[in-house]
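*Asks:* Pasted the sequence and its predicted model underneath.
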Amino acid sequence: MIDYRNRRAILNDEGYPQKTSTYAEYLVQTALKILNTERFRYVLYGEEVGVERSEWSSWENVEIKRDMEEALTAHMEIVRAEVKSIERDGQEMYLKIAITGLAGIVELEEAVSL
């Protein structure tokens with residue numbers, strides 16, 4: 001698992017990278033990877049992975065919502081994504097997103113930097 005706020009792997013007691021243990025954790029990690037990846041920046045991911053975060057500061061919330069939902073549902077595991085709320089506070093955005101995967105549902109609440 002990755003701690004996207006601190007940009008480092010989460011390690012277990014033995015010092016190895018921790019793996020997700022539930023489907024909900026897997027969906028959250030997948031969504032966070034997508035939301036923290038700038039689209040078109042990494043050749044490895046191609047143009048389907050990521051969002052246009054560098055543009056968000058000048059966008060309206062409705063445009064950011066559309067960008068997030070399109071990026072999340074482009075992943076083969078995510079069937080539906082609905083951004084429930086976006087609250088801006090300076091350079092932080094507090095998000096609440098309902099994600100429906102092939103085998104379960106999770107609600108993601110996260111703060112991301114603009």
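*Replies:* Received it, and whenever you're ready, just let me know what you need. Numbers count the residues shown, from 1 in each chain.

*Asks:* In this structure, where's the longest strand?
*Replies:* When every strand of the chain is counted residue by residue (DSSP state E), the longest turns out to be strand 78-89.

*Asks:* partners of that strand, with directions?
*Replies:* The pairing partners recorded for strand 78-89 under DSSP bridges are strand 92-101 (antiparallel).

*Asks:* Quick one: mean pLDDT for the strand it pairs with?
*Replies:* With pLDDT averaged residue by residue, strand 92-101 scores 96.

*Asks:* residue boundaries of the helices in this structure?
*Replies:* In the chain, helices defined by DSSP state H lie at 23-35, 53-56, 61-73, listed in chain order.

*Asks:* Let me have these in a markdown table, adding mean pLDDT as columns.
*Replies:* What follows is the helices of the chain, written out as a markdown table (pLDDT from 0 to 100):
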| stretch | mean pLDDT |
| --- | --- |
| helix 23-35 | 95 |
| helix 53-56 | 90 |
| helix 61-73 | 96 |
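
*Asks:* Retrieve the pLDDT associated with the residue of the chain most remote from its centre.
*Replies:* Relative to the C-alpha centroid of the chain, counting by CA atoms, centre = their mean, Glu14 is the outermost residue, at 27.4 Å. Among the per-residue scores, Glu14 holds a pLDDT of 95.
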